[in-house]
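S.K.: Compute the structure for the input listed below.
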Amino acid sequence: AAAAAARAGGRTHAAGAQRRRWRLQCVAAPTAGSQGSPQQLEDGAPPGADSDGEEQIPVVEEDGSEDDRGALADASYGDPLPAFAASRRALLYAAAAGVSMTGRCALAEKVSIDLALAPDQSTYDAADKDLLQATELFSRALSAPDAKAEEAVWTRIVESYSGDDFKGAAWRDDLLSRALGNRGNVRSRMGKLNDALRDYDKSIAIAPWAPDPVLNRGVVYEAQGKYALAIQDYESVLEVSPEDPAAWNNLGNAKSGLGRYEEAAEDYRRAAFLAPQFAFAGVNEALALWQLDERRDAIRRARSLLRRYPEFPDARAALAAMLWAEGLEAEAEDEWNRVSDTRYRDMEWIRDTRKWPPAAATAMESFLSIGSSEP
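M.R.: Below you'll find the predicted structure:
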């Protein structure tokens, strides 16, 4: 029997952080095919997403060939074929509240992820009726019509399988950790950040072999402005999965939040190298370079992204702001006229939700206040 778990991730502020969502299927034999388009948020969808949630901008693609998936497919649980195997799909934004609660925070003990503790999935009985029922509930949660309905199904799974009746099931802890992690994801999208953190904490305690809830908890810490805690979690993931582009990008986001832009630029560069199609890592690198006053390199990076992804509004808006700051007003206006996403006219959104670094945000504010026309 084979079960597939898809983990999808997103981003609350500086785009690119990813949250993994686990899909559980229990079938008679392994199946192939696309796992579908990444889910988008109604209010927090990335620039470029259409009304149906289809992504119009590039992200890490994980539904391709075995070669394309690489470390993304097997970083957490090894062999992707046994029941509960993990793969990853990408989202550009987590849908937390978008409110940054910055400040000092006490560092908890750093998580130590031990892949060797992962359960032997070959011991799972595909004919187990309880496992089959859990599989059906997972599918129902992942196809729920809205966040509230999805949260309710994850809660039902957690409550149904936490009791003593399933203590002896080889798959119980694996299932509970995934259900808790997925409930944490949906709660963060609903803005229930503290509830999401509690779910991630429980998931990590149950499944000390799993990087996903650790990375996802880091995304929520970022949303709360607890960048040092987020860095701890991302570094824990990278210790066991050093070629994880999402973790490198997220690490750059957290370091950027602390003003460590030179380190952040290197982390973004590493993420983009590992996953060239992960375009937000590229634009994050350009924005960090601009903050470091490496203006020529920043403009070159943005132009390079737009040659490959001409409809990528974040890079297009960033390039417009950079060109304006360089005194290239006509070129800046030309770029701006191709920005279709009206959120880039909202400086509060740019600073507090998208979280551009200060230098790029200032350049955009100057452009908007003096030179821009309606996009």
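
S.K.: Which stretches in this protein count as strands?
M.R.: Using DSSP state E, the strands of the chain run over residues 4-9, 85-90.

S.K.: What mean pLDDT does the last one get?
M.R.: On average, the pLDDT along strand 85-90 is 31.

S.K.: Make residue 1 into 278 and carry on from there
M.R.: Okay, residue one is now 278; in that scheme the one you just asked about reads as strand 362-367.

S.K.: In contact with residue 562: list those residues for me.
M.R.: Counting by C-beta atoms under 8 Å, 6 or more residues apart in numbering, residue 562 touches 529, 542, 545-546, 549, 578. All C-beta atoms are positioned from the backbone trio N, CA, C, and that covers glycine.

S.K.: Also residue 635?
M.R.: Here residue 635 is in contact with residue 568 (C-beta under 8 Å, 6+ apart).

S.K.: Show me what counts as buried in stretch 601-617.
M.R.: The neighbour-count check on stretch 601-617 (16 or more other C-beta atoms under 10 Å) flags 601-602, 608-610, 612-613, 616 as buried.

S.K.: what's the neighbour count on the closest residue to residue 390 other than its chain neighbours?
M.R.: Sequence neighbours aside, residue 517 is the residue nearest to residue 390 in space, at 4.8 Å (criterion: C-beta to C-beta, 6 or more residues apart in numbering). The tally of other residues near residue 517 (other C-beta atoms under 10 Å) stands at 18.

S.K.: how close does residue 517 sit to residue 493?
M.R.: Per C-beta to C-beta, to the nearest Å, residue 517 is found 15 Å from residue 493.

S.K.: for residue 439, same thing?
M.R.: From residue 439 to residue 493 the distance is 20 Å (C-beta to C-beta).

S.K.: Between those two, tell me which one has more neighbours.
M.R.: More crowded of residue 439 and residue 493, by other C-beta under 10 Å: residue 493, with 33 against 16.

S.K.: related to what we said a few turns ago, so can I have JSON lines of the buried residues of stretch 601-617 showing distance to residue 502 and pLDDT?
M.R.: Below are these laid out as JSON lines (distance: C-beta to C-beta, whole Å; pLDDT from 0 to 100):
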{"residue": "601", "distance to residue 502": "29", "pLDDT": "97"}
{"residue": "602", "distance to residue 502": "27", "pLDDT": "98"}
{"residue": "608", "distance to residue 502": "35", "pLDDT": "97"}
{"residue": "609", "distance to residue 502": "31", "pLDDT": "97"}
{"residue": "610", "distance to residue 502": "35", "pLDDT": "96"}
{"residue": "612", "distance to residue 502": "31", "pLDDT": "97"}
{"residue": "613", "distance to residue 502": "30", "pLDDT": "97"}
{"residue": "616", "distance to residue 502": "28", "pLDDT": "96"}
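
S.K.: Much appreciated, bye for now.
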